[in-house]
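1. everything below, folded, please.
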Amino acid sequence: MEISLQLHWGLGRYLPDSPIKGIKLILPEKISIDELLEKFCIPAREVGMVSVNGCLAGKDRTLNDQDDVQVYPPLEGG
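-> You can find the predicted model right below:
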């Protein structure tokens, strides 16, 4: 299956050669967001929010062909 992945703000360091608009990936069927993050060695503590096709998604969500995955770090500030 093919998905689009974009890592926002400081998370881009986990895919240093990826373009700003993200990358297309070919992945095995039935992979979860957790497994995707693990594949790229992105620590769970550095992920604050994930959206799939524009909707918030839990890290246990299974991805489908042509999903658009956006990963954001935790929000900070006050």
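2. can you pull out the strands in the chain?
-> Chain-ordered strands for the chain, with DSSP state E as the definition, fall at 2-7, 23-26, 49-52, 55-56, 68-72.
3. adding mean pLDDT, write those strands out as TSV.
-> Listed next are the strands of the chain as TSV, based on pLDDT from 0 to 100:
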stretch	mean pLDDT
strand 2-7	94
strand 23-26	91
strand 49-52	97
strand 55-56	98
strand 68-72	96
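4. now do the lowest-mean-pLDDT helix or strand in the chain: which elements does it pack against?
-> For the chain, counting by mean pLDDT, DSSP states H and E, strand 23-26 ranks last in confidence among helices and strands (a mean of 91). Other helices and strands packing on strand 23-26, by 3 or more CB pairs under 8 Å, 6 or more residues apart in numbering; DSSP states H and E, are strand 2-7. (Glycine included, C-beta is placed from N, CA and C.)
5. OK, contacts around Leu63?
-> With CB atoms under 8 Å, 6 or more residues apart in numbering as the criterion, the residues that contact Leu63 are 1, 3, 27, 31-33, 36, 52, 69.
6. center of this structure - which residue?
-> Val71 (4.2 Å; CA atoms, centre = their mean).
7. verify the stated contact: it with Leu7.
-> Yes: with contact defined as CB atoms under 8 Å, Val71 and Leu7 form a contacting pair (5.1 Å).
8. which residues do these two both contact?
-> The contact lists of Val71 and Leu7 share Ile42, where a contact means CB under 8 Å, 6+ apart.
9. separation between Ile31 and Pro43?
-> Between Ile31 and Pro43 the distance is 18 Å, computed by CB to CB, to the nearest Å.
10. neighbour-wise, which of these two wins?
-> A direct count of neighbours by other CB atoms under 10 Å for Ile31 and Pro43 places Ile31 higher, at 17 against 9.
11. any figure for the gap between that one and Leu5?
-> With distances taken as CB to CB, Ile31 is found 11 Å from Leu5.
12. same question for Gln70.
-> From Gln70 over to Leu5 the distance is 8 Å, taken as CB to CB.
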